[in-house]
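Undergrad: What follows is a protein structure lacking sequence information:
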């Protein structure tokens, strides 16, 4: 597991003050952080990836007044596993197109789908996966097949995550990775907000504030 800063700096260009709020993003499997690059807002943004293990700890965030969590796809369950046994620094938690039961026929990705993904993973299969994440063809992506297969096996072996409350759950109605009906069954109705978007809905947001709302 790895944490790295996507943005850390001034509240506004030319402003001597620093951001008083931070967002920790638990990303999805094998997609990276480029899809968050256009999102604006007065936040420092820390990105978590690679869930082959969950041993890494957050850097010191004690200087921030507010810390929020955004967890996407397999990042949702991975976050909940990671959080277990650690102090909880997050004042607000948002889940996007993922569940606490990541491999589940009724409330996650069907087990047969994940097994097929693991067995057939290749550069060409990864390209098809990217097309399904964004619901459109994508530029050729690179993948470390061995590492990412090991990551999927670790997620599968970890299983259901501990019960964790989220303040907001975004569900994309055109999600081709996590079936929207399964996500709806997995979450409390009052936390859900739907968006007409693919599994990666971030192009439909302009700012981090919109995601946290």
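TA: Everything's here; your move. The shown structure was predicted, so the numbers you read here are calculated from the model rather than taken from an experiment. Numbers count the residues shown, from 1 in each chain.
Undergrad: wait, what's in contact with the residue most central in space within the chain?
TA: For the chain, the residue nearest the mean C-alpha position is residue 72 (2.0 Å; CA atoms, centre = their mean). If you count contacts by CB atoms under 8 Å, 6 or more residues apart in numbering, residue 72 has them with 25, 26, 27, 28, 95, 96, 97, 98, 200. C-betas here are computed from N, CA, C, even on glycine.
Undergrad: Quick check: bridge partners of it?
TA: Beta-bridge partners for residue 72, by DSSP bridges, are residue 96.
Undergrad: Next one, pLDDT for it please.
TA: Note on residue 72: pLDDT of 98.
Undergrad: for this structure, what spans make up the strands?
TA: Counting by DSSP state E, the chain has strands at residues 2-7, 21-26, 43-49, 66-72, 92-96, 168-172, 192-195.
Undergrad: of those strands, which approaches residue 34 most closely?
TA: Residue 34 lies closest to strand 2-7 among those, at 9.7 Å (CB to CB).
Undergrad: In that closest one, which residues are buried?
TA: 3, 6, 7 (16 or more other CB atoms under 10 Å).
Undergrad: got those residues as JSON lines, with pLDDT columns?
TA: Output for the buried residues of strand 2-7, formatted as JSON lines (pLDDT from 0 to 100):
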{"residue": "3", "pLDDT": "98"}
{"residue": "6", "pLDDT": "96"}
{"residue": "7", "pLDDT": "91"}
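Undergrad: Residue 111: which of those is nearest?
TA: Looking across those and measuring by CB to CB, the closest to residue 111 is residue 3, at 29.6 Å.
Undergrad: Residue 130 and residue 143: what is the separation?
TA: For residue 130, the distance to residue 143 (CB to CB, to the nearest Å) stands at 9 Å.
Undergrad: coming back round to it: for the buried residues of strand 2-7, give me TSV that also has distance to residue 185.
TA: Below are the buried residues of strand 2-7 laid out as TSV (distance: CB to CB, whole Å):
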residue	distance to residue 185
3	31
6	32
7	35
